[in-house]
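> I would like to see how this sequence folds:
(chains A and B)
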Amino acid sequence: MTLELFGIGKRFRLGGEEVVALENVSLSVAQGELAVVVGPSGCGKSTLLNIVAGLERAGTGRAVLNGREITGPGADRGMVFQSYTLFPWLSVRKNVEFGLRMKGMPPAERLERARRYLDLVGLAEFENALPGQLSGGMKQRVAIARVLANRPEMLLMDEPFGALDAQTRLLLQDLLLKVWQKHKTTILFITHDIDEAILLADRIFIMSRRPGRILAELPVDIERPRDHTVTVSPRFTAIKKDIMEMLWKEIAQD
Amino acid sequence: MSRSAPALGRLAGRTGIVAGTFGVLLGIWCAAAYSGAVKDLFLPKPHAVLWAFVEMQREGILWQYAWDSTYRVMVGWALAAAVSIPLGVLVATSRRAGLVLGPLMEFARYLPVVALVPLTLLYFGIGDGQKFAVIFLGTFFQLVLMVADSVAAVPRDLCRAAATLGASRTQTYALVLLPGALPGIMDDLRITVGWAWTYLVVAELVAANSGLGYMILKSQRFLAIDRIFAGLMAIGLLGLATDFAFKRLTRLAVPWSEKAGGR
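Coordinates of the predicted model:
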């Protein structure tokens, strides 16, 4: 067992009003598993991921990674954000080297590793470009290379393809599947896109609207390796129908 | 760095427009002065101002005064910048510091620095120290708040990304927050150095024994309007040069920023 969440709850104040973001969320993600949390927007799924990342503290409950309680951010949990988080003053290569620099890795080794991971995401020839010169999709590919180069125990992805156009999103989903197939990093992936959830996941956690709870846990028994072509298979459609029905009830309450 | 031909063309076009603006201004001035429409007492003839420059150069005061003023601006403003940048970062990053310093800065920045000139005279006399004090008081409080804004404008996710890549708090400040805020801070510095010029001239007009503001005041006593104009032009040119230098510096310091492209 890699990641375990026990009864996570979180409240915060929003304009003088107390909002319950998360209520009694328990789940576990196994070593090498690709788990996806899907839920309506504003359901607190990003808050959940931030708690796992150590960027926010849980109000109640415990988050445990490999037997150690999570108390703050660390390089063992790499994160890819929805917003573009490449450092605009550093070249693509220096961005990928950032975490390695924090670890005190010697420059030659850093360079070699950065190039390897840039190659993995197909951006080897852009190593000297500045982030400002890249498209949104390329930026997120560099962000993935940057986080993988750090060799985290776990990858946290907060709607990383949410800001991209549909075609680019397909390309990046396939790229992520390819990379994951090769490295088998444990991934906790957050999205509101049901297709994306089914395409990527070993297991899907469906969250309710606020206050966020886990409504259901759903294994995705579609054969691997996968790519976007599975999205038109009957099995895919059947799973999608189940999830839609559950989520629709949540959305329709508004 | 090599410039492409279209870029050179654009540069020439911009220079042409700037030259045109000043040309038109000069034309209106010439027309008003040489036609006799405005009396010499109120508007000197352009050649008289040019002559005033030559005379001041001969007397050895042109460069001396220009240097005195520039020196005062640079020292006073650099002191303000040196203290306000760390404080601004503190205000932006620590809630407690923000609570303590924020209201204080807001209060202080509404005190017109002109009203503080008598106090500075009392405390520091009429020497350079008093000029530094006026410039410091005029720019420091504003700069703290401007720097705090620039630091706060750095996307939070950049710092969070750094933290999840293993950066410590200190590393995040030094390697992410500061470089991220630098384009904004460069802008803040460029704007406030302009104010520093204004406050310096105010200080020199009130009490000084050298400097361009002092020269303007002295010329007023002798009704030497040509010298007043020469002094004003010198200040304007120095301001223009400072601004230009700052834009260059910004381009060097933050080449990755869109702000470095200039307008």
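
> just checking, what packs against the helix or strand B:Phe136 falls within?
Here B:Phe136 sits within helix B:128-152, counting by DSSP states H and E. Helix B:128-152 sits against helix B:61-93, helix B:95-109, helix B:113-124, helix B:178-206, with contacts defined as 3 or more Cβ pairs under 8 Å, 6 or more residues apart in numbering or on different chains; DSSP states H and E. (Each C-beta comes from the backbone N, C-alpha and C, glycine too.)

> in it, what's buried?
B:128, B:130-152 (16 or more other Cβ atoms under 10 Å in any protein chain shown).

> Among the helices and strands packed on helix B:128-152, which comes closest to A:Pro106?
Nearest to A:Pro106 among the helices and strands packed on helix B:128-152 is helix B:178-206 (23.0 Å), distances taken as Cβ to Cβ.

> and residue 161, how many residues sit next to it?
Just going to use chain A. If you count neighbours by other Cβ atoms under 10 Å in any protein chain shown, A:Phe161 ends up with 25.

> Chain B is the one I meant
The burial count for B:Ala161: 29, using other Cβ under 10 Å.

> Nearest residue to it in space, please, no chain neighbours.
A:Thr85 (3.9 Å; Cβ to Cβ, 6 or more residues apart in numbering or on different chains).

> residues from chain B in reach of chain A?
Near chain A, the residues belonging to chain B are B:155, B:157-158, B:160-168, B:171, B:175-176, B:179-180, B:182, B:254, B:256-258 when assessed by Cβ under 8 Å from any Cβ of the partner chain.

> What strand or helix carries the closest residue to A:Val38 other than its chain neighbours?
Leaving aside its chain neighbours, A:Val38 sits nearest to A:Ala197 (4.2 Å; criterion: Cβ to Cβ, 6+ apart). Under DSSP H and E, the secondary-structure element containing A:Ala197 is helix A:194-200.

> Packing partners of that helix?
strand A:34-38, helix A:166-183, strand A:186-191, helix A:234-252.

> I'd like the next helix or strand past that helix.
strand A:203-207.

> Over in chain A, which residue gets nearest chain B? Let me know.
A:Ala75 (3.1 Å; Cβ to the nearest Cβ).

> where does that residue fall, helix, sheet strand or coil?
Assigned with DSSP: H, G, I helix; E, B strand; the rest coil, A:Ala75 falls in the coil class.

> ok, now how distant is the closest residue to it other than its chain neighbours from A:Gly67?
Once flanking residues are discounted, A:Ala75 sits nearest to B:Gly166: 3.1 Å by Cβ to Cβ, 6+ apart. Note on B:Gly166: its distance to A:Gly67, by Cβ to Cβ, to the nearest Å, is 20 Å.

> Comparing these two, which residue is more hemmed in?
More neighbours surround B:Gly166 than the other of B:Gly166 and A:Gly67, with 21 against 8 (other Cβ under 10 Å).

> Regarding the residue in chain B positioned nearest to chain A, what is its secondary structure?
Of all residues in chain B, B:Gly166 sits closest to chain A, at 3.1 Å by Cβ to the nearest Cβ. Look at B:Gly166: counting by three-state DSSP, its state is coil.

> Likewise for A:Gly9?
Under three-state DSSP, A:Gly9 comes out as strand.

> count of neighbours near residue 163?
Reading this off chain A. A:Ala163: 16 neighbours (other Cβ under 10 Å).

> that answer is for a different chain, and I need it for chain B
23.

> and it, that's in a helix?
Yes: assessed with three-state DSSP, B:Ala163 lies in a helix.

> pretty sure it contacts A:Pro73?
Yes: counting by Cβ atoms under 8 Å, B:Ala163 touches A:Pro73, with 3.9 Å between them.

> Show me the domain layout of chain B.
Residue ranges for the domains of chain B, per automatic domain parsing: B:1-38, B:40-261.

> Not counting sequence-adjacent ones, nearest residue to A:Leu90?
By the measure of Cβ to Cβ, 6+ apart, the closest residue to A:Leu90 outside its immediate chain neighbours is A:Phe98, 7.0 Å from it.

> Let's verify the one you found: helix, strand, or coil?
Here A:Phe98 is recorded as helix under three-state DSSP.

> all helices of the stretch 1-150 of chain A, in order?
Using DSSP state H, counting those that start in this stretch, the helices of the stretch 1-150 of chain A run over A:45-53, A:92-102, A:107-120, A:136-149.

> mind showing which ranges of the stretch 1-150 of chain A have poor pLDDT?
A:1 (pLDDT under 70).

> So which residues on chain A come close to chain B?
A:53-55, A:73-75, A:77-79, A:81, A:83, A:85, A:87-89, A:98-99, A:102-103, A:130, A:132, A:143, A:146-147, A:150, A:156.

> how about 6 Å then?
Taking Cβ under 6 Å from any Cβ of the partner chain, the part of chain A that reaches chain B is made up of A:53, A:55, A:73, A:75, A:78-79, A:81, A:83, A:85, A:88-89, A:98-99, A:102, A:130, A:150.

> hang on, the earlier thing: of all the helices and strands packed on helix B:128-152, which one comes closest to A:Ala63?
That would be helix B:95-109 among those, by Cβ to Cβ, at 24.9 Å.
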